[in-house]
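Enquirer: Just a sequence and a predicted model for now, questions to come.
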Amino acid sequence: MSASPLSAAALAELRRPLCFAAELAGQRLQFESTWGLFSPREIDAGTRLLLAQVEVAADADCLDLGCGYGPIGLTLAALAPRGQTLMVDKDFVAVDFANRNAARNRLGNARAQLSNGLDQIDPALRFDLIASNVPAKVGRELLALLLHDARARLRPGGRLYLVSINGLRQFLKRNLTEVFGNYDKLKQGAHYTVALAERGG
């Protein structure tokens, strides 16, 4: 049985940006999103769990890896007003909305750009903190690239925060320990785990 066609008005409504507010790590932020992006109508539980664990200095330079429409990166930018936050995603729609949301929240220290992982980021940039909501279907090859590239871009003492579904917890533990030489499980919820690795001096 096929679905009946939608009216022009209904289609126009679907094309309108989705707008909502959220409080993340004590920061009240406004978001605009659209269908096709991850968790477009509300902040997902994994992102909330991650942001509840992040410790960020006011002058930290941050990177949000796989930013979507920007909830992690914009929260980091709000928490680190004297630093610069870069948000990257391989989806041009995500990057567009992340930049729109930076402007909407008057976060002049945040910007988004296209990049597949870290490969399009200015080679000179270094970060104090990198955060990512790891895709559930991340493969071994992509994870290896992301972790090695993240470690190379972190300053000594820099931190990598990852949130993943619980099913990836041991996989991430093994890989973080291999690449960084350390691993800390900060929080395990019903469905997600937040992991931390630090780059040594």
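Expert: Everything's here; your move. Residues are numbered from 1 along each chain as shown.
Enquirer: Now the nearest residue to residue 119 once chain neighbours are set aside: which helix or strand?
Expert: Nearest residue to residue 119, sequence neighbours excluded (CB to CB, 6 or more residues apart in numbering): residue 149, at 7.6 Å. In this view, the C-beta of every residue, glycine as well, is placed from N, C-alpha and C. Using DSSP states H and E, residue 149 sits in helix 140-153.
Enquirer: ok so, going back, separation between the residue nearest to residue 119 and residue 53?
Expert: Residue 149 sits 22 Å away from residue 53, going by CB to CB, to the nearest Å.
Enquirer: all strands for this protein, in order.
Expert: In the chain, the segments counted as strands under DSSP state E are 18-24, 27-33, 62-65, 85-89, 110-114, 127-133, 154-165, 184-188, 192-198.
Enquirer: now those strands as CSV including distance to residue 177?
Expert: Below are these laid out as CSV (distance: least, CB to CB, whole Å):
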stretch, distance to residue 177
strand 18-24, 29
strand 27-33, 32
strand 62-65, 19
strand 85-89, 25
strand 110-114, 31
strand 127-133, 17
strand 154-165, 12
strand 184-188, 10
strand 192-198, 8
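Enquirer: Dump those strands to TSV, plus distance to residue 139 and mean neighbour count.
Expert: Shown next, in TSV, are those (distance: least, CB to CB, whole Å; neighbours: other CB atoms under 10 Å):
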stretch	distance to residue 139	mean neighbour count
strand 18-24	29	14
strand 27-33	26	19
strand 62-65	15	28
strand 85-89	18	27
strand 110-114	21	20
strand 127-133	15	24
strand 154-165	13	20
strand 184-188	22	14
strand 192-198	18	22
